[in-house]
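>>> can you look at this prediction? I've put the sequence above it.
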Amino acid sequence: MKSYVFPGNIDADIEKIGSEPIPYMRTAQFSEMNKESEKILLDLINCPNGRTIIYTGSGTGAMSAVVENYVTTFDKALVVDGGSFGHRWLELCDYYNVSSVQFKVPFACDIDYKALEETIVREKVSVLLCQHHETSTGQLFDLKEISRICKTHHVSMVVDVISSFLAEEIDMDALGIDICITSTQKGLNIPPGLSIVFLSDKLKQYKFNHSGYYWDFDNNLKNLERGQTPFSPATTIFIQLHKRLKQLEKDGIFKNIEQVRNNSKIFRDAIAKYGWYPEAETPSSAITGFQINEKSENYLFKKMIDLHSTYIMPGTRPGFYRVSHMGLQSEEDLLLLAEQIYKIVNQ
Ligand SMILES: *Cc1c(COP(=O)(O)O)cnc(C)c1O
């Protein structure tokens, strides 16, 4: 089986942990391990004096947590809606009765930063919610530009880096980001099941709201101070997360970013021969999203599984496919993948 989805093919040492006995979690060892995971996570995103919350729950759980605990403390939010994940912020704001302004970005396009700034000023928003990489299209937004605008107009910045963490450089402190979120099955490329909230040190004394029992920031932060979780953690994935973080600490984050970039380059060069290009105006290295003509809905997707036991991701538009570059993949794999896709499409 080859997998170019989230997660992609996983490191064997990490996979092996999934078949091992599950230790009891209310122990000093589990606490120490989590405290070390927190430290490495904060170093990787350059927010060494911040805090993290590691939830058992998918990325959307962390998005919901941020809206419940933090965004509800503001009068008005601006949401960058550049695809299905941006749109999710908007739905969460509606769900929790937060007044929000939709800043729509066309499919696979970059933000018009001047228009964004004008909207922020006109609408007098106090918090901005965006994605770094809109995974539904492959578009990477310019966090430096967004940060400059937010700093100028004193707008709090919340960024979903779920699919850019470890694929792109992110310096949370330098960008002045208040909250970032990620989840285990994307850049970390370990099994799905955990999501992580990064809180900047500016929020140390912040009065968060208490409008979601399971996701309550204060309750989770209090428990994590001693390396524990308020409710049963997905113990195995916490252990896999720690193992992965130790690998990243040893190798350095830039090696990972470089690897993802290199994977994307090999694949993009290979499909360019067939006339396919990333659809995004500024593509992230995390995925390649490209448009093909296909015979019937999800034809390529189904054929790739039937013929090659290989998973790629259909997109939100017919014939728009996404290949993730975050899992383990060799040059040979990527060249073969491009060729297999070409053959199926032109059969
Ligand atoms: C995958 C993803 C999510 C949602 O995460 P789930 O783990 O599926 O809940 C949110 N935002 C972005 C940018 C994503 O790529």
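Received it, and whenever you're ready, just let me know what you need.

>>> okay, now whichever residue of the stretch 201-347 of the chain sits closest to the ligand: neighbour count?
Residue of the stretch 201-347 of the chain nearest the ligand, by CB to the nearest ligand atom: Ala286 (8.4 Å). Every residue, glycine included, has its C-beta placed from N, CA and C. By other CB atoms under 10 Å, the residues close to Ala286 number 29.

>>> now it: closest residue in space that isn't a chain neighbour?
Closest residue to Ala286 apart from its sequence neighbours, by CB to CB, 6 or more residues apart in numbering: Ala167 at 3.9 Å.

>>> got it, and Val155?
Leu128 (5.2 Å).

>>> what separation do you get for the one you found and Phe85?
As judged by CB to CB, to the nearest Å, Leu128 and Phe85 stand 15 Å apart.

>>> more neighbours: which of these two?
More neighbours surround Leu128 than the other of Leu128 and Phe85, with 26 against 22 (other CB under 10 Å).

>>> just checking, the more buried one touches Ile146?
Yes: judged on CB atoms under 8 Å, Leu128 makes contact with Ile146 at a distance of 7.0 Å.

>>> shared neighbours of those two, anything?
Val80, Met157 (CB atoms under 8 Å, 6 or more residues apart in numbering).

>>> so which strand or helix has Met269?
Small correction: residue 269 is Asp, not Met. Asp269 belongs to helix 253-272 when assigned by DSSP states H and E.

>>> oh sorry, the question was meant for Lys303
If you go by DSSP H and E, Lys303 is part of helix 299-308.

>>> and if you look at Met157?
Applying DSSP H and E, one finds Met157 within strand 156-160.

>>> ok, Lys16 next?
helix 12-17.

>>> can you map out the strands along the stretch 1-150 of the chain?
2-3, 51-56, 76-81, 99-104, 127-131, 133-134, 139-140 (DSSP state E, counting those that start in this stretch).

>>> deepest-packed of those, please.
When the strands of the stretch 1-150 of the chain are scored by mean count of other CB atoms under 10 Å, the highest mean neighbour count falls to strand 133-134 (a mean of 30).

>>> what sits against the residue of the stretch 201-347 of the chain closest to the ligand?
133, 135, 138, 163-164, 167-168, 186-187, 260, 264, 324-326.

>>> ok, now with 7 Å
With contact set as CB atoms under 7 Å, 6 or more residues apart in numbering, Ala286 has these partners: His133, Ser163, Ser164, Ala167, Val260, Ser324, His325, Met326.

>>> in strands only, show me those.
Secondary structure assignment by DSSP state E places His133, Ser324 of those in strands.

>>> only whichever of the contacts of Ala286 are buried, select them in ChimeraX.
Entered in ChimeraX, the line below selects the buried ones among the contacts of Ala286, by 16 or more other CB atoms under 10 Å:
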select :133,163,164,167,260,324,325,326
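
>>> filter the contacts of Ala286 down to the ones close to the ligand.
Ser163 (CB under 6 Å from any ligand atom).

>>> Glu117 and the ligand, how far apart?
Separation of Glu117 from the ligand (CB to the nearest ligand atom, to the nearest Å): 23 Å.

>>> hang on, I meant Phe30
With distances taken as CB to the nearest ligand atom, Phe30 is found 23 Å from the ligand.

>>> need the contact list for that residue.
Gly227.

>>> equivalent analysis for Ser58, please.
Ser183, Pro192, Ser195.

>>> same question, Asn69
Applying CB under 7 Å, 6+ apart, the residues near Asn69 are Phe208, Asn209, Gly212, Trp215, Asp216, Phe217.

>>> and which of those is nearest to Ser99?
Taking CB to CB as the measure, Ser99 sits nearest to Asn209 out of the contacts of Asn69, at 14.9 Å.

>>> report the distance from the helix holding Asp269 to the chain centre.
Relative to the centre of its chain, helix 253-272 is centred 18 Å away, using CA atoms, centre = their mean, to the nearest Å.

>>> what parts of the stretch 51-200 of the chain come near the ligand?
Counting by CB under 6 Å from any ligand atom, the residues of the stretch 51-200 of the chain near the ligand are Ser58, Gly59, Thr60, Phe85, Gln131, Thr135, Asp160, Ile162, Ser163, Ser183, Lys186.

>>> farthest pair in those residues?
Ser58 and Gln131 (15.5 Å).

>>> helices of the stretch 101-250 of the chain, start to end?
113-123, 143-152, 172-175, 217-224, 235-251 (DSSP state H, counting those that start in this stretch).

>>> so which bits of the shortest one are buried?
It stands for helix 172-175. So for helix 172-175, counting by 16+ other CB under 10 Å, buried means Met172, Asp173, Leu175.
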